[in-house]
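Asks: Got a predicted model here, sequence first, then my questions.
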Amino acid sequence: MAEKKHLSEKTYHSVDPLGKLKCQKCGIPLVKGRATFGYLGNAFPVELPVCPNCGFIYVPEELALGKVLTVERSLEDK
Amino acid sequence: MEKKENTFVGKHYLMKQAFGQEELHERERVCTREEPPGCQAACPLHLDIRGICGYAAKGNFSKAAALIRAVTPFLHLLAGSCSGNCIGKCTLAKPGGETSASKDLDGTTESVCQSDGISMPAIEKACALYGGSGAMSRFMIPRKNKRVAVVGNDLFALACCWELGKKGYEIWWHTDCGSMQEPLMKRGLTEQEAKSDLAAFTGFRITRKEMSGEQSEEAAGADRLVSGKEEIPDFEEIEKWAQEADTMCISPELWTDRYKKIPNAFTAPSQTDPAWLLAFAKHASLLADRYMQGVSLDDVKEPEVHESRLYVTMDGIDGLGGRSGPEIQNRENSTEKTAEDSWRLHTAIPGADALGRVTDVSILTKENAAAEAARCIQCQCLECVKGCVYLQHFKRNPKGAIREIYNNLSIVMGNHMANGMINACDECGQCKAACPNGFDYPDVCQIARHTMVETQKMPPSAHEFALLDQQFSNGEGFLAKPQPGFEKCRYLFFPGCQAAAVSPVTVEAAYSDLCERLEGGVGLLLGCCGAISHWAAREDLLAEAVEKVTQVWRELGEPEVICACPTCKKTLEEFTKLPTAGIWEVLLKLGIKPIAESEKTNGERIVSIHDACGARGNRRMQDEVREFVRAFGYQIEEAPFTRDVTPCCGYGGLVKYANPEVSAKKASFAAGRAEHMVLTYCMACRDQFARAGADSRHILELAYGITPEPIPDLSARRANRLKLKQRMLKELWKEDINMEEMLPVIYADGVEALMDERMILKSDIDNVLKSYRQTGSAVFDEENGWLVTNTRIGNVTFWVKFSETDDGSYLVHGAYSHRMTVE
């Protein structure tokens, strides 16, 4: 039986770096890491490409102009 | 104005009503668009004549008949004896109404004649002939356990039977009539016509009871009165019938005052007009129905006709009736035929004249009846919607929209669906000026925006860019100086932020001209009047801007402010006591040299004027601008929707930032009205027109012979203001200012346009790259071979895709942003 994910572990979106992204500063590949989007008092845990060393979080253009923009607009009209 | 204080609802929600329900209703009442048209208001039965004509014009007599049968089943009766009160109230029949032109075969106008009102009796007749049976499905009729006694031999009794029968009551009809057709035949209908009208009675539970004529004769005396030819049943008998039933309707022909003692008996005043009689039968039946339900009878109004408040113009009406020209999107029952089509249609129809009027009711066909109905212009008031792209875009009318806005503001939790609509209004006032009653929609939008700001419900992304632009104008881009050689000035030139952003050369030329020709010194003020914060309902920022301008004015010796922008002028007049003048009136006084024919732009001699929103309602300003333009030797041809009803260019109300799509549509509509070069007297209008691809000039560009510069993007609009300030300071006041040096950046093809669309400035890119230089934080995208870095500036995170070139500059491949924080 699959282990149930705890509510606090829930993620709204997940982006895998697929080994194609590298941190320029640290020179190491980005990995899928936990991050939180926040807007107008709301928080959304997500998984984004993150540098395991310096913690730089990468938000791809597709995500910023897609789901992030949609959620921003929805929250602004709440 | 009725306003309520902010209150906290629960723990987290700041709640404030913009205005109360009473004020909402008061505002709604100003609009008369939902008032019945003149014909319907004049009909005792208030038939939906507009709807009937709409269906009949399309040849759909079944639906047309259904509209009449919803009110009364007696179609043949109405057709034969309706007094046609509506005909005289038809807009087509009103003096100054439709002037119709009948045409020869070659289409030339032969004669002009005043048209008649729509002949409803003819259309009613056509509905009776071609509208099918009015029989209701027996399953549609509810069954109620109450009984109504109807007493009478006339149309009133028959109408009561129908009114109450369709509601499911059992009816005992006390009558001397030998058949149900008799009351109709007595009014001149043939048996067949009567039977046709009575098809609607199918399935009703009507039991005919003899009125016992012999007994009536024997009981002659105090209880028996004779009214006309009808014999009156005696009182005890009526009382008995009333007791047998739950309620009773008595024909006015048989009514005597003694029956007033019977509490459940209802009647009506005597009527000769059948339409009125049917209306009163409806009224009496409604009273009976309510009596049986135990509901108050006080609120039931007697039938009446009234004058319609609906405002109807003949704009867009062709000579043959029916509307032509561009269809308004939400027009109901619109027909697609052209005037020419209608004319061809009408001339080919027997029993109709060239105008489509029925000439011979005896040969009433579907075709000539449809032609008659097609003359109906479907009266409705769309004055506000006609010229407003915003209302057309949202498919709203101001009356409906203010209720949506009211509800939107009343929501505590849930989605505020009307936010977008509120922020897409340019608050230009065109709809208010166009409304015959002055419905003030922009005021409601402005109140709504204030409420949203106060309750922290204003979407932060809507106006932030524009407000930052105002901050820039009154910060980095701000300049206030007396004319060189003066400490105090008699005048202060205030071109406005848009003129400096769009055409800095024009500002320089105008200032130089004013300094040369005006005595007493002309100061210069480059900044924002505060209109942006006014549109964004940010009172705090408006006050700041106004104070800043006022302070400069005081320091410069309280000069007269010469505005080059009508909105600046209006804002200063509304929020300050500064004396203002338009630059056009100042230049007119100073004298204007006409432009030689050979030097006229594109050889144009005729121009159209696009009036600015700031000049709405200001006839003087509108006239001055026209005089100014004529002085240069141009002729003016007024475009449709001019002066007070000029549409907004799409910049007003910050729509350009809050809803670029509506803004572009508005610009395109405003620019498409004129056939000639358009002259504007607001630089924002000129910029919007240029974006819409129209040939346009600002009147100052015309005055100083300036060829418009390329359309500036958002970054260029800022750069123009900074460069203007730097240049003027250096040239006139011999002052140097240090401009922050920007990194060397090259933009890949299409990136600048994309940035403009996404409202990303070159200064934002510069900031992001400078931040990268400091931190070195970036992601290398191996697939595309570029770096991606970011910086949070204010409330926005900007991302830049770039690569470093060998010469140390940056090649930008793309940029995007989001408002969410990420950590």
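Replies: Okay, I see it. Numbers count the residues shown, from 1 in each chain, chains lettered A, B, ... in the order given.
Asks: Tell me the secondary structure at the residue positioned nearest the centre of chain A.
Replies: Taking Cα atoms, centre = their mean, the centroid of chain A lies closest to A:Leu48, which sits 3.3 Å from it. Assigned by DSSP: H, G, I helix; E, B strand; the rest coil, the conformation of A:Leu48 is strand.
Asks: what's the residue lying closest to B:Ala536 once chain neighbours are set aside in contact with, if anything?
Replies: The shortest distance from B:Ala536 to any non-neighbouring residue, by Cβ to Cβ, 6 or more residues apart in numbering or on different chains, is to B:His463 (3.9 Å). (C-beta placed from N, C-alpha, C; glycine too.) Contacts of B:His463 were listed using Cβ atoms under 8 Å, 6 or more residues apart in numbering or on different chains, and they are B:423, B:532, B:535-536, B:538, B:654, B:657-658.
Asks: What is the helix or strand harbouring B:Gln688 packed up against?
Replies: Using DSSP states H and E, B:Gln688 maps to helix B:683-691. Counting by 3 or more Cβ pairs under 8 Å, 6 or more residues apart in numbering or on different chains; DSSP states H and E, the packing neighbours recorded for helix B:683-691 are helix B:497-502, helix B:660-671, strand B:677-680, strand B:696-698.
Asks: circling back to that earlier point, what does the residue nearest to B:Ala536 show for phi and psi?
Replies: Main-chain dihedrals, B:His463, degrees, to the nearest 10: phi -120, psi 0.
Asks: Can you give me the separation between it and B:Cys425?
Replies: Between B:His463 and B:Cys425 the computed distance is 13 Å (Cβ to Cβ, to the nearest Å).
Asks: any bit of the top helix by length along chain A sitting next to chain B?
Replies: Longest helix in chain A, counting residues (DSSP state H): helix A:69-76. Yes - shown here: helix A:69-76 in contact with chain B (Cβ under 8 Å from any Cβ of the partner chain) through A:69, A:71-74, A:76.
Asks: And stretch A:45-57, by the same measure?
Replies: Yes - using Cβ under 8 Å from any Cβ, stretch A:45-57 comes into contact with chain B via A:48-49, A:51, A:54, A:56-57.
Asks: quick one on the thing from earlier: keep only those of the contacts of B:His463 that are in helices.
Replies: Filtering the contacts of B:His463 for helices - DSSP H - leaves B:423, B:532, B:535, B:657-658.
Asks: and the gap between the residue in the stretch 51-200 of chain B positioned nearest to chain A and B:Ala631?
Replies: Distance from chain A to each residue of the stretch 51-200 of chain B (Cβ to the nearest Cβ) is smallest for B:Gly51, at 36.7 Å. From B:Gly51 over to B:Ala631 the distance is 54 Å, taken as Cβ to Cβ.
Asks: got a list of what B:Glu804 touches?
Replies: B:Glu804 is in contact with B:787, B:810-811, counting by Cβ under 8 Å, 6+ apart.
Asks: ok, and which of the residues you listed reach chain A?
Replies: Among the contacts of B:Glu804, proximity to chain A is found for B:Leu787 (Cβ under 8 Å from any Cβ).
Asks: which of the contacts of B:Glu804 tops the neighbour count?
Replies: B:Tyr810 (22 neighbours; other Cβ atoms under 10 Å in any protein chain shown).
Asks: Can you list phi and psi of it for me?
Replies: Main-chain torsions, B:Tyr810, degrees, to the nearest 10: phi -110, psi 130.
Asks: Also B:Gly88?
Replies: Backbone torsions for B:Gly88, taken as degrees, to the nearest 10, come to phi -70, psi -20.
Asks: What pLDDT is listed against it?
Replies: Here, the pLDDT recorded for B:Gly88 equals 90.
Asks: what's the spacing between it and B:His416?
Replies: 48 Å.
Asks: quick one: which of those two has more around it?
Replies: More crowded of B:Gly88 and B:His416, by other Cβ under 10 Å: B:His416, with 19 against 13.
Asks: May I have the secondary structure class of that one?
Replies: coil.
Asks: Quick check: closest non-adjacent residue to it.
Replies: Per Cβ to Cβ, 6+ apart, closest to B:His416 is A:Asp77, 4.8 Å.
Asks: quick one, strands of the stretch 201-350 of chain B?
Replies: Secondary structure of the stretch 201-350 of chain B (DSSP state E, counting those that start in this stretch): strands at B:206-210, B:226-227, B:230-231, B:247-250, B:265-266.
Asks: May I see the ones you listed arranged in CSV, with mean pLDDT and mean neighbour count as well?
Replies: Converted to CSV, these look like this (pLDDT from 0 to 100; neighbours: other Cβ atoms under 10 Å in any protein chain shown):
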stretch, mean pLDDT, mean neighbour count
strand B:206-210, 91, 14
strand B:226-227, 41, 12
strand B:230-231, 58, 18
strand B:247-250, 96, 28
strand B:265-266, 94, 24
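Asks: now these as CSV including distance to B:Ser119?
Replies: Output for these, formatted as CSV (distance: least, Cβ to Cβ, whole Å):
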stretch, distance to B:Ser119
strand B:206-210, 34
strand B:226-227, 35
strand B:230-231, 34
strand B:247-250, 33
strand B:265-266, 34
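Asks: quick one on the thing from earlier: buried subset of the residues of helix A:69-76 next to chain B as a ChimeraX selection?
Replies: Only the buried entries of those go into this ChimeraX selection, using 16 or more other Cβ atoms under 10 Å in any protein chain shown:
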select /A:69,71,72,76
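Asks: and of the residues of helix A:69-76 next to chain B, the nearest to B:Trp172?
Replies: Nearest to B:Trp172, judged by Cβ to Cβ, of these is A:Ser74 at 63.0 Å.
Asks: in stretch B:533-547, what's buried?
Replies: Neighbour-count burial for stretch B:533-547 flags B:533-538, B:541-542, B:544-546 (criterion: 16+ other Cβ under 10 Å).
Asks: any idea of the mean pLDDT in it?
Replies: 97.
Asks: So what touches that stretch?
Replies: Contacts with stretch B:533-547, where a contact means Cβ under 8 Å, 6+ apart, come from B:427, B:446, B:449-450, B:452-453, B:458, B:462-463, B:466-467, B:470-471, B:474, B:527-530, B:571-572, B:575-576, B:652-654.
Asks: Sort out for me which of those are in strands.
Replies: In strands, judged by DSSP state E, none of the contacts of stretch B:533-547 are found.
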